[in-house]
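> Model the structure of this input:
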Amino acid sequence: FAILAEVLPERADGSGPVSAETGRPGMAQWQILVLGVLRLGLNADYDRIAELANQHRTVRQMLGHSDWSEETRWGVQTLKDNLRLFTPEVLERINQEVVDAGHALVKKSPDDGLQVRADSFVVETDVHFPTDINLLCDAVRKV
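Predicted coordinates:
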């Protein structure tokens, strides 16, 4: 959150940045982090982010809204004013802090390599060329 505090939006009257203690116009730091990561990760425009923030139940829960009865709705201009400062460089700095915290958790130097394992499996399946009759047969079989 110290990194997010560096990208405070300007006050509407132009008298300087908004105070982090009293809040930003319309959005808290956590909400800016969640929606900023969504915007950069999805490469989405502000209209799509507004739709996700206002209509998607899981995103609303991550933003701290309890359920649909809560009336909080995000306008596109509010999102633009707050999320335009959440740049890929800010996200990279936050990602680096998370990686450093992970290294500290396992008591390793960031210069040391970590040995990790991943597990996967392959499933045999019957894949055939999708002709019209094959697709129709598959649909009838599933019905």
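> Counting by contacts, list what the top helix by length along the chain packs against.
Secondary structure of the chain per DSSP state H: the longest helix is helix 88-105. Contacts defined by 3 or more C-beta pairs under 8 Å, 6 or more residues apart in numbering; DSSP states H and E place helix 88-105 against helix 2-5, helix 29-42. C-beta: built from backbone N, CA, C; applies to glycine.
> Pick the most buried one from those helices.
Using mean count of other C-beta atoms under 10 Å, the stretch among the helices and strands packed on helix 88-105 with the largest mean neighbour count is helix 29-42, at a mean of 18.
> Now do that helix: which elements does it pack against?
Helices and strands in packing contact with helix 29-42 are listed as helix 2-5, helix 46-55, helix 57-62, helix 76-83, helix 88-105; criterion 3+ C-beta pairs under 8 Å, 6+ apart.
> mind redoing it with 6 Å?
Taking 3 or more C-beta pairs under 6 Å, 6 or more residues apart in numbering; DSSP states H and E as contact, the helices and strands that helix 29-42 lies on are helix 46-55, helix 76-83.
> now the longest one, how far from the centre of its chain.
Translated: helix 46-55. From the chain centre to the centre of helix 46-55 is a distance of 12 Å (C-alpha atoms, centre = their mean, to the nearest Å).
> Equivalent analysis for the last one, please.
Distance of helix 76-83 from the chain centroid (C-alpha atoms, centre = their mean) equals 15 Å.
> Extract the CA atoms of it and return them as PDB.
What follows is helix 76-83, C-alpha atoms only, in PDB (Å, rounded to 0.1, in the frame of the first residue of the first chain):
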ATOM      1  CA  VAL A  76     -16.500   5.200 -15.600                       C
ATOM      2  CA  GLN A  77     -15.100   8.700 -14.800                       C
ATOM      3  CA  THR A  78     -14.300   7.600 -11.200                       C
ATOM      4  CA  LEU A  79     -12.500   4.600 -12.600                       C
ATOM      5  CA  LYS A  80     -10.600   6.700 -15.100                       C
ATOM      6  CA  ASP A  81      -9.600   9.200 -12.400                       C
ATOM      7  CA  ASN A  82      -8.300   6.600 -10.000                       C
ATOM      8  CA  LEU A  83      -7.000   3.800 -12.200                       C
END
